[in-house]
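[1] how would this look folded up:
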Amino acid sequence: MFVFLFNRICLKHLSFSLQSLPKAQVFSGIQPTGVPHLGNYLGALESWVALQDKYSTVMYSIVDLHSITQPQDPQMLRENILDMAASLLACGIDPTRSILFQQSQVSEHSELSWILGCLTSMPRLRHLPQWKMKSKQKNEGSVGLYTYPVLQAADILLYKSTHVPVGEDQIQHLELAQDLARIFNSQYGEFFPEPRALLSGTRKVKSLRDPSSKMSKSDPQKLATVFLTDTPDDIVLKIRRAVTDFTSEVTYEPESRPGVSNLVSMHAAVSGQSVEEVVRLAEGMDTGQYKNVVAEAVVQKLQPIRLEIQRLRADRGHLESLLAKGAEKAHSLAAPVMTEVRKLVGFY
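    Residues are numbered from 1 along each chain as shown. Okay, the predicted model is just below:
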């Protein structure tokens, strides 16, 4: 996931007036790989909702072009796109305060990616860590997997982003976007700003079965991940079975006690309290009792989201209409940029 701040404004496409907010645009993308989990929500989606009140124009994209770097069943992909749209809306993404759209429906993303790809050397891509990791897992990777950081750079530069809130694992891909902005500007004249990183301070939610790893949708252990659509009973079961240790006291020591520290971090995040406050609240409890407290807090946070996802998924036409309108608004922002890029490159 990635969040981008842009310096271009297009308020006429939004149904509200936010003149008092900073004049910047925010863009973030998320792959449609199924319903988000608790780590996605606390690590990114919750802050996306808050950004709608902080900046004048906010854009969120379901980046389906990125998702097909891995084999996809077409029908499943269609459903996953709608699942993601419903999940974002249920979490608080508001189409009257932001633009929600499907990446593949704005062709300028692909066009700019091709142009930037022609300015990118193969060794530059080969040294990116995610290519090394994913290609080793699959023995060999596709051309799409190899070049998807260029598409990510195009996502960033297409809207002339100036700041990119990212996780630490995305820094090198942001550096590629910065490099490509410099290369393009050097060859064709000053046009793209060099986006700067805004590192997120959010604590990562760890797997409930292996607290040394991040919570993941693809974890083969069914009890490792809490999804936004999990029932209260599912959540209680998963948290009660969470791996801790043999010390009964509740403390926050991520290095020596990663399991119980993960629960503390999770509890603090869903309840809006500090780590110190929730540790004080847990005084006198053993870890078994504390798991029940954490489970109750997570259920309370996620239950309204789960019910709203169910309501929204029942109306396919409504979701498709919202995404189509969002794509029109995104295209209206991307098209003028690509017109200038084509002129600079010499296409006309």
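
[2] Show the backbone phi and psi for the residue lying closest to residue 144 once chain neighbours are set aside.
    Excluding the flanking residues, the one nearest residue 144 by CB to CB, 6 or more residues apart in numbering is residue 69, at 4.5 Å. C-beta here means a position set from N, CA and C on the backbone, and glycine is covered the same way. When read as degrees, to the nearest 10, the backbone of residue 69 gives phi -70, psi -20.

[3] Tell me which stretches of the chain form strands.
    Along the chain, counting by DSSP state E, strands occupy 2-6, 25-30, 57-62, 99-102, 161-166, 196-199.

[4] could you dump the ones you listed to JSON lines with distance to residue 153, mean pLDDT and mean neighbour count?
    Output for these, formatted as JSON lines (distance: least, CB to CB, whole Å; pLDDT from 0 to 100; neighbours: other CB atoms under 10 Å):
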{"stretch": "strand 2-6", "distance to residue 153": "11", "mean pLDDT": "48", "mean neighbour count": "24"}
{"stretch": "strand 25-30", "distance to residue 153": "12", "mean pLDDT": "82", "mean neighbour count": "24"}
{"stretch": "strand 57-62", "distance to residue 153": "14", "mean pLDDT": "87", "mean neighbour count": "26"}
{"stretch": "strand 99-102", "distance to residue 153": "19", "mean pLDDT": "96", "mean neighbour count": "24"}
{"stretch": "strand 161-166", "distance to residue 153": "10", "mean pLDDT": "75", "mean neighbour count": "21"}
{"stretch": "strand 196-199", "distance to residue 153": "14", "mean pLDDT": "72", "mean neighbour count": "14"}
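
[5] Next, format those strands as TSV and append distance to residue 174.
    Shown next, in TSV, are the strands of the chain (distance: least, CB to CB, whole Å):
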stretch	distance to residue 174
strand 2-6	8
strand 25-30	13
strand 57-62	16
strand 99-102	22
strand 161-166	5
strand 196-199	5
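
[6] between those, which one is nearest to residue 152?
    Proximity to residue 152 (CB to CB) singles out strand 2-6 among these, at 7.1 Å.

[7] before we move on, the earlier item: minimum distance to residue 320: which of the strands of the chain has it?
    That would be strand 99-102 among the strands of the chain, by CB to CB, at 9.5 Å.

[8] so how far is the closest one from its chain's centroid?
    Distance of strand 99-102 from its chain centroid, counting by CA atoms, centre = their mean, to the nearest Å, is 13 Å.

[9] Direction included, what does that strand pair against?
    Paired neighbours of strand 99-102 in the sheet (DSSP bridges): strand 57-62 (parallel).

[10] can you give me the helices for the protein?
    38-40, 46-51, 64-67, 74-91, 108-117, 122-126, 129-137, 143-158, 171-188, 232-240, 258-271, 275-281, 287-313, 316-345 (DSSP state H).

[11] what packs against the fourth one?
    Here helix 74-91 is seen to pack against helix 46-51, strand 57-62, helix 64-67, strand 99-102, helix 287-313, helix 316-345 when contacts are counted using 3 or more CB pairs under 8 Å, 6 or more residues apart in numbering; DSSP states H and E.

[12] tell me the domain ranges of this protein?
    Following automatic domain parsing, one gets these domains for the chain: 2-203+316-345, 232-311.

[13] Same list (these) but as CSV, adding distance to residue 226.
    Shown next, in CSV, are the domains of the chain (distance: least, CB to CB, whole Å):
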stretch, distance to residue 226
domain 2-203+316-345, 4
domain 232-311, 6
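
[14] Can you give me the distance of residue 77 to residue 86?
    The gap separating residue 77 from residue 86 is 15 Å, by CB to CB, to the nearest Å.

[15] So for those two, which residue has more residues nearby?
    The neighbour comparison of residue 77 against residue 86 (other CB atoms under 10 Å) goes to residue 86, with 25 against 14.

[16] With adjacent residues omitted, what lies nearest to that one?
    Of all residues not flanking residue 86 in the chain, residue 312 sits nearest, at 4.0 Å (CB to CB, 6+ apart).
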